[in-house]
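Novice: Need a 3D model of the following:
(2 chains)
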2 protein chains.
Amino acid sequence: MAVYTDVSFEDLEQFLQAYDVGQPSSFKGIAEGVENSNFLLRSGRGAFILTLYEKRVRAEDLPFFLGLMEHLSSRGIACPLPVRREDGALFGTLNGRPAALLTFLDGVSLRNPETTHCAAAGSALAALHEAGRGFALTRPNALGAEAWRDLASKVEGHADGVEKGLRALIEGALEIDWPAGLPSGIIHADLFPDNVLLMGDKVSGVIDFYFACNDAFAYDLAVMLNAWCFGADGAFDKARAKALFGAYRKHRALSAEEIAAMPVLARGAALRFLLTRLYDLLHHDPSALVRPKDPRDFARRLRFHLSVANPSEYGL
Amino acid sequence: MAVYTDVSFEDLEQFLQAYDVGQPSSFKGIAEGVENSNFLLRSGRGAFILTLYEKRVRAEDLPFFLGLMEHLSSRGIACPLPVRREDGALFGTLNGRPAALLTFLDGVSLRNPETTHCAAAGSALAALHEAGRGFALTRPNALGAEAWRDLASKVEGHADGVEKGLRALIEGALEIDWPAGLPSGIIHADLFPDNVLLMGDKVSGVIDFYFACNDAFAYDLAVMLNAWCFGADGAFDKARAKALFGAYRKHRALSAEEIAAMPVLARGAALRFLLTRLYDLLHHDPSALVRPKDPRDFARRLRFHLSVANPSEYGL
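Specialist: Now for the predicted structure:
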């Protein structure tokens, strides 16, 4: 949670000259997203999020991210819709950063989702996978399996300082025999509970597409298995996993290969978040106004997935 | 700007059980206020700010602050109105902090107000001074003239490390012959541009009453003189000061004593913000997710006020 780049109302007014959104009635920096600076803006035309892209999001990826949200939105997915400037551009520049204006979505994120919420989110993921078909641009998964060895080399020297045995855990997990040829397409790649907005038991929005890429659909489910199906105590909750997978499969069938690969995919997803959280912790800049997340949560999940021999243990 | 205390939606739901505000439709941490944790909450009943009071605001002062906003609101001042709990209480407890729910006000804050905005804010201050009469509670100014020597003793050893000559500047300013017996009442004591919400050229709200206290009305004007009447380049802008004082005096006359005291009051106000900013800079906790403000802005203002021999130099 952070606002890295300060934006005054005067800066905003100048930026908005390129848009047709009316006169702002309120403007607040919001504590959301660890990658970018976000502001909530209201005008007579509605509510918007202004996002300034900080160093982690590359400007050359913005046509993919913003174009994808436009594509998904036009296919009925409740996600932020980039507001185009009057000259047609999807983003502009504000205080030296690429910056975009997106529609604001109502809804709240849960810290500890229950099975009904896992089911709603599973359906939303399947709908997103279906709606992503036909999107013209592609983007490789910059944090996919091919990136982990390099990422590990940057953190493993310090891993045992964070938790004894972590280096060996990482080394072992890097030997994963990663499945090839699974059905692929556009995936969200970061669909944690904070990126799903709910109104009661229904999903009212899916947000934060800044890790979206082309990769195996089942890997997206493996990310959600890690993010949604462990209790506040860190223990695996099979009922949540059954709800997640069951709801997803009502909209998109899983092949035998996808089901068989789930334990390996789940290990990979746990390793990905373990490595990036370790990296963020070790490279933490105290002036960045953000608290790094604890990598050990994902070490524990990774150990659990290493103990899973059969997809049926996930309720599959 | 910060959210010091994390509040999950589940925490919020529990807290809201004591209130009659309906089901939340959105809930975001906002980057506002350096003293407290603030969240923007919307429900079918409207928009609200949830504030968790952190260490700087003492729980025993909350009946004064919240009661004052209720008093001012009932007298037509556009300020946040504390929403009472169903049991009548003005605040409750959330994640171990005293916490209150207040109405949200539309409007935007300016970084560099123009003369019309200074005039609008000056009128708003006079209205606030008038409306404060009759409020039953009192609170001494904890950061008033009597507190400065003690505060200075905690920072002056490091002052020259921040800017050469700062210690001598502070020592000199502490010798101010502080005026006694000026007309007094409820003052805001921190009416910087970020605490005034505007819709076009009109004030739509005055916020952040957590320094409010009983003190000289003219001191509140001296705070605004410091906060509103210097350009982005740090130079005094007499046109803004004339607009501020002129608009104020249309609603509340200034006595000859108040006018004569303005150079001394302005030095005191500059010293107060110089000292607290120095303190915040020297005691900055990097994990506090907040960037300390630069004390030198107020050293420059203090030097300017020390050069002022006659209130006419302020346009008075």
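
Novice: Three-state assignment for the residue most central in space within chain A, please.
Specialist: Closest to where the C-alpha atoms of chain A average out (CA atoms, centre = their mean) is A:Asp190, at 2.3 Å. Under the three-state scheme (DSSP: H, G, I helix; E, B strand; the rest coil), A:Asp190 adopts coil.

Novice: Tell me the pLDDT of it.
Specialist: The per-residue pLDDT reported for A:Asp190 equals 97.

Novice: contacting residues around it?
Specialist: Residues touching A:Asp190, when contacts are defined by CB atoms under 8 Å, 6 or more residues apart in numbering or on different chains, comprise A:Asp208, A:Tyr210, A:Phe211, A:Val223. Where you see a C-beta, it was placed from the backbone N, CA and C, and this is true even at glycine.

Novice: Okay, and the third one sits in which element?
Specialist: Yep, that's A:Phe211 we're talking about. Using DSSP states H and E, A:Phe211 sits in no helix or strand.

Novice: Going along the chain, name the helices of the stretch 151-300 of chain A.
Specialist: Per DSSP state H, counting those that start in this stretch, the stretch 151-300 of chain A has helices spanning A:166-173, A:217-228, A:238-251, A:256-282, A:296-307. These are given in chain order.

Novice: Could you list the residues of the stretch 51-200 of chain A in contact with chain B?
Specialist: For the stretch 51-200 of chain A, the residues in contact with chain B (CB under 8 Å from any CB of the partner chain) are A:Phe104, A:Asp106, A:Gly107, A:Val108, A:Ser109, A:Leu110, A:Arg111, A:Asn112, A:Leu197, A:Met199, A:Gly200.

Novice: List only buried entries from the residues you listed.
Specialist: For those, burial is judged from neighbour counts taken by 16 or more other CB atoms under 10 Å in any protein chain shown, and it is met by A:Phe104, A:Gly107, A:Val108, A:Ser109, A:Leu110, A:Leu197, A:Met199.

Novice: Is it possible to get TSV of the residues you listed that adds distance to B:Thr93 and secondary structure?
Specialist: Conversion of these to TSV gives the following (distance: CB to CB, whole Å; DSSP: H, G, I helix; E, B strand; the rest coil):
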residue	distance to B:Thr93	secondary structure
A:Phe104	30	coil
A:Gly107	27	strand
A:Val108	21	strand
A:Ser109	23	coil
A:Leu110	22	coil
A:Leu197	27	strand
A:Met199	27	strand
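
Novice: which of those lies closest to B:Ala124?
Specialist: For those, the minimum distance to B:Ala124 (CB to CB) is 29.2 Å, reached by A:Phe104.

Novice: I'd like the distance between the closest one and A:Ser26.
Specialist: Between A:Phe104 and A:Ser26 the computed distance is 12 Å (CB to CB, to the nearest Å).

Novice: same question, A:Arg303
Specialist: When A:Arg303 is compared with A:Ser26 (using CB to CB), they lie 46 Å apart.

Novice: ok, these two, which is more surrounded?
Specialist: Neighbours of A:Arg303 and A:Ser26, each counted by other CB atoms under 10 Å in any protein chain shown, are more numerous for A:Ser26; the result is 21 against 14.

Novice: and the more buried one, that's in a strand?
Specialist: Yes: the secondary structure assignment for A:Ser26 places it in a strand, going by three-state DSSP.

Novice: got the contact list for it?
Specialist: Under the criterion of CB under 8 Å, 6+ apart, the neighbours of A:Ser26 are A:Leu40, A:Leu41, A:Arg42, B:Phe104, B:Asp106, B:Gly107, B:Val108, B:Leu197.

Novice: these two touch, right, the fourth one and B:Ala47?
Specialist: Yes: B:Phe104 sits in contact with B:Ala47 when judged by CB atoms under 8 Å, with a separation of 3.7 Å.

Novice: Name the residues contacting each of those two.
Specialist: Contact with both B:Phe104 and B:Ala47 is made by residues B:Leu40, B:Leu41, according to CB under 8 Å, 6+ apart.

Novice: rewinding a little: quickly list what's touching both of A:Phe104 and A:Ser26.
Specialist: Common neighbours of A:Phe104 and A:Ser26, counting by CB under 8 Å, 6+ apart, are A:Leu40, A:Leu41.

Novice: the strands in chain A, which residues?
Specialist: The residue ranges that make up the strands of chain A, judged by DSSP state E, are A:24-30, A:37-43, A:46-52, A:92-94, A:97-103, A:184-187, A:196-199, A:202-206, A:213-216.

Novice: Do me a favour and average the pLDDT over the last one.
Specialist: Strand A:213-216 shows a mean pLDDT of 98.

Novice: same check, this time on stretch A:82-97
Specialist: For stretch A:82-97, mean pLDDT is 97.

Novice: Pull out the buried residues from it.
Specialist: Applying a neighbour-count criterion of 16+ other CB under 10 Å, the buried positions in stretch A:82-97 are A:Pro82, A:Val83, A:Arg84, A:Arg85, A:Leu90, A:Phe91, A:Gly92, A:Leu94, A:Arg97.
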